[in-house]
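S.K.: Provided below are the primary sequence and the corresponding predicted coordinates.
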Amino acid sequence: MKTTLIKEILVSEPDGRHVTIYGWVRTKRETKNLVFIQVNDGSCFASIQITLDRDAGISPDTEAELKRITTGSSICATGKLVPSPASGQAVEVAGDSVLVIGEAPVDTYPLQKKNHSLEFLREIAHLRARTNTFGAVARVRSQMAYAIHVFFQERGFNYVHTPVITASDCEGAGEMFQVTTLDLERIAKDGASAAAKGEPAVDYSKDFFGKPANLTVSGQLEAETYATALSRVYTFGPTFRAENSNTTRHLAEFWMVEPEVAFNDLDANMDLEEEFVKFLMNWALTKCTEDMKFFDERIQPGLINSLKAVAEADFARVTYTDAMKELEKNADKFEFKPFWGCDLQSEHERYLTEKVYGRPVMVYNYPKDIKAFYMKLNDDGTTVRAVDLLVPGLGELIGGSEREENLEKLEKRITEMGLNVEDYWWYLDLRRFGTVPHAGFGLGFERLLLYITGMGNIRDVIPYPRAPKLADF
Ligand code: 4AD
Ligand code: MG
């Protein structure tokens, strides 16, 4: 590559060597004799300052270019790398030439102010990565994706690419986006007359796959097929849920990382969750220091200390039944009154982790009726070996479980949940042939990023958010 990134230049010795800078102009300021240009290339949080001194002479060509430089324009500048007299930067460039590569007209370029609202920036998602906040989010997101691979690869896990298009509903919640090449408008027209004739309104044999297909809600079932062959695997990819949740914690398209481990039980699964989350906190704190400093100062004061506390805390572990006792004692504090058998609402989750424990808490052994069919039934016959990790300020970060490895029990659960045993024939084969206890979990990648960056809305930690009535760009 012929360019040098600004992050490399900023840590170089200011020994007067000649450098070339490529990037986008953040600001241009002029005094009588001096021109200061802040240039950012997104390689790091900081911009580099290019100072041009008219007393030292600026060529007519560069003077002409300087007039064209506005916020947002892309430039190439050359000069000597020297110590900076300005505070907050060790080096700057004593510029000798500047070339505008692409203009950004003042009257039309939308990013003129320093502090645009996050709502406004959501409307220009294609440009928001050029701001401090979204540049930092993008870099931390990339680092955390890398960290996930490092964590699992270092521990003998194989990365499995589970399919995006699937015929099965992993969570059994029916919140799937259908994938079809059928002509929906035509079906809408012809469907009624077909139904009148007693024929099915939709003939799936004519669809692309010859039967209904969906976007995956989780890669878990397919990950299990590989865990029961390779022992330790993880899948990490986009996941889709057609749930009508317009909250700051839900997306219709999000990324999930799902490890799956053969010969593992619920306790070991909790150990892995805790080790994983602590590893990720430490990674953010040590590898993303400049961006984390920004989040701590500008987005959520105290963020760094709270992440450090999580990295050092022993996560609490409590059964659903005991957690419910705690909540019922404080029932007056909740809008939704808690009772044994109810799903934990986000107000309950936050109360447990923030008020009762003051640290991350793993709630396990949930009533079977509120959890997915694949979770292992406890001997009590009423609870399953599920575990949710709740964290302060956010609520659920991870959902996981030990899986039902007994064929008969699993078939029974599938039927009880109103699902079709035949649809899961290949999944049941894992229990027919060499079945083993196994466990795994799913961590919502954007929830993790909300937690690490302190950002308040999940739509701001993914480049192009998809939510109900929101699929712009
Ligand atoms: O708890 P969930 O539904 O668990 C599963 O999908 C399991 N199959 C995982 C497994 O055991 N392999 O989802 C896991 C996590 C949640 O804890 C949450 O962090 C995130 O995925 N998540 C969402 N994130 C953003 N938007 C949504 N709509 C989400 N739904 C779940
Ligand atoms: Mg869950």
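M.R.: Looks like it arrived, so ask away. Numbering: from 1, shown residues only. Ligands and ions are numbered 1, 2, ... in the order given.
S.K.: how close does Thr353 get to ligand 1?
M.R.: Separation of Thr353 from ligand 1 (C-beta to the nearest ligand atom, to the nearest Å): 13 Å. Bear in mind the C-beta positions are built from the backbone N, C-alpha and C, glycine included.
S.K.: three-state assignment of the closest residue to that residue other than its chain neighbours?
M.R.: Distance criterion C-beta to C-beta, 6 or more residues apart in numbering; nearest residue to Thr353, sequence neighbours excluded, is Leu390 at 4.4 Å. Under DSSP: H, G, I helix; E, B strand; the rest coil, Leu390 falls in the strand class.
S.K.: go on, Thr51?
M.R.: Assigned with three-state DSSP, Thr51 falls in the strand class.
S.K.: Now for it, how many residues are close by?
M.R.: Residues contacting Thr51 under the criterion other C-beta atoms under 10 Å number 19.
S.K.: Could you do Phe339 as well?
M.R.: 10.
S.K.: Secondary structure element for it, which one?
M.R.: Under the criterion DSSP states H and E, no helix or strand holds Phe339.
S.K.: That one and Asn244, how far apart?
M.R.: 25 Å (C-beta to C-beta, to the nearest Å).
S.K.: Ok, Gly381 next?
M.R.: Gly381 sits 33 Å away from Asn244, going by C-beta to C-beta.
S.K.: the more surrounded of those two?
M.R.: Asn244 (11 against 7).
S.K.: which residue packs closest to the more buried one, ignoring adjacent ones?
M.R.: Sequence neighbours aside, Pro468 is the residue nearest to Asn244 in space, at 5.5 Å (criterion: C-beta to C-beta, 6+ apart).
S.K.: Can you verify my assumption that that neighbour contacts Ala252?
M.R.: Yes - counting by C-beta atoms under 8 Å, Pro468 touches Ala252, with 6.9 Å between them.
S.K.: So these two - more neighbours on which side?
M.R.: When Pro468 and Ala252 are compared for neighbours, Ala252 comes out ahead with 21 against 12, by other C-beta under 10 Å.
S.K.: neighbours around the nearest residue to the more buried one once chain neighbours are set aside, how many?
M.R.: The shortest distance from Ala252 to any non-neighbouring residue, by C-beta to C-beta, 6+ apart, is to Arg466 (4.4 Å). Arg466 has 18 neighbouring residues, counting by other C-beta under 10 Å.
S.K.: Return the set of buried residues in the worst-scoring helix or strand of the chain on mean pLDDT.
M.R.: Ranked by mean pLDDT, DSSP states H and E, the weakest helix or strand in the chain is helix 184-196, scoring a mean of 82. By 16 or more other C-beta atoms under 10 Å, the buried positions in helix 184-196 come out as Gly191.
S.K.: Which residue ranges of this structure form helices?
M.R.: Using DSSP state H, the helices of the chain run over 6-10, 60-68, 118-123, 132-154, 184-196, 220-230, 266-287, 289-294, 303-312, 320-329, 346-350, 407-416, 425-432, 445-453.
S.K.: Only C-alpha atoms, please: export the third one in CSV.
M.R.: Listed in CSV are the C-alpha atoms of helix 118-123, where the atom choice follows Å, rounded to 0.1, in the frame of the first residue of the first chain:
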residue,chain,number,x,y,z
LEU,A,118,-27.3,11.0,17.1
GLU,A,119,-30.8,11.1,15.7
PHE,A,120,-29.7,13.4,12.8
LEU,A,121,-26.7,11.2,12.2
ARG,A,122,-28.9,8.1,11.9
GLU,A,123,-30.5,9.7,8.9
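S.K.: For Glu253, give me its contacts.
M.R.: The neighbourhood of Glu253, defined by C-beta atoms under 8 Å, 6 or more residues apart in numbering, consists of 238-240, 462, 465-466.
S.K.: any chance of those in CSV, plus distance to ligand 1?
M.R.: Formatted as CSV, the contacts of Glu253 follow (distance: C-beta to the nearest ligand atom, whole Å):
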residue, distance to ligand 1
Pro238, 11
Thr239, 7
Phe240, 9
Ile462, 9
Pro465, 10
Arg466, 10
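S.K.: For those residues, pick the one with the most neighbours.
M.R.: Counting neighbours by other C-beta under 10 Å, Thr239 leads these with 26 neighbours.
S.K.: Just the pLDDT at it, thanks.
M.R.: We have a pLDDT of 97 for Thr239.
S.K.: Likewise for Cys170?
M.R.: Cys170 is assigned a pLDDT of 73 by the prediction.
S.K.: That one - nearest residue in space that isn't next to it in sequence?
M.R.: Take Cys170 and drop its neighbours on the chain: the residue closest to it by C-beta to C-beta, 6+ apart is Ser218, 4.0 Å away.
S.K.: Which residues are in contact with that neighbour?
M.R.: Residues near Ser218 by C-beta under 8 Å, 6+ apart: 170-171, 239, 256, 258, 442.
S.K.: Would you check how far apart the residue lying farthest from the centre of the chain and ligand 1 are?
M.R.: Within the chain, the residue lying farthest from the chain centre (C-alpha atoms, centre = their mean) is Asp55, at 50.4 Å. Distance of Asp55 to ligand 1, given as C-beta to the nearest ligand atom: 57 Å.
S.K.: Check the residue lying closest to that residue once chain neighbours are set aside and give its pLDDT.
M.R.: Spatial nearest neighbour of Asp55, excluding adjacent residues (C-beta to C-beta, 6+ apart): Asn33 at 5.2 Å. Here the pLDDT value assigned to Asn33 is 94.
S.K.: doesn't Asp53 make contact with Asn33?
M.R.: Yes - at 6.3 Å, Asn33 and Asp53 qualify as touching, with contact defined as C-beta under 8 Å.
S.K.: so what sits against both of these two?
M.R.: Counting by C-beta under 8 Å, 6+ apart, nothing touches both Asn33 and Asp53.
S.K.: burial of the closest residue to Asp15 other than its chain neighbours, as a residue count?
M.R.: Once flanking residues are discounted, Asp15 sits nearest to Leu81: 6.8 Å by C-beta to C-beta, 6+ apart. Per other C-beta under 10 Å, the neighbour tally for Leu81 reads 21.
S.K.: Show the model's pLDDT score for Leu81.
M.R.: 97.
S.K.: if I look at it, how far off is Val93?
M.R.: To Val93, Leu81 is 6 Å away according to C-beta to C-beta.
S.K.: what sits in contact with each of the two?
M.R.: Jointly contacting Leu81 and Val93 under the rule C-beta under 8 Å, 6+ apart are Val19.
S.K.: So the protein: which segments form each domain?
M.R.: Listed domain ranges for the chain are 6-102, 132-176+217-460 (source: automatic domain parsing).
S.K.: Among those domains, show me which one is buried the most.
M.R.: domain 132-176+217-460 (a mean of 18; mean count of other C-beta atoms under 10 Å).
S.K.: ends of that one, how far apart?
M.R.: One end of domain 132-176+217-460 to the other measures 13 Å (C-alpha to C-alpha, to the nearest Å).
S.K.: Model confidence at the nearest residue in space to Leu118 that is not next to it in sequence, what's the number?
M.R.: In space, and not counting its chain neighbours, Leu118 is closest to Asp460: 5.7 Å by C-beta to C-beta, 6+ apart. pLDDT recorded at Asp460 is 98.
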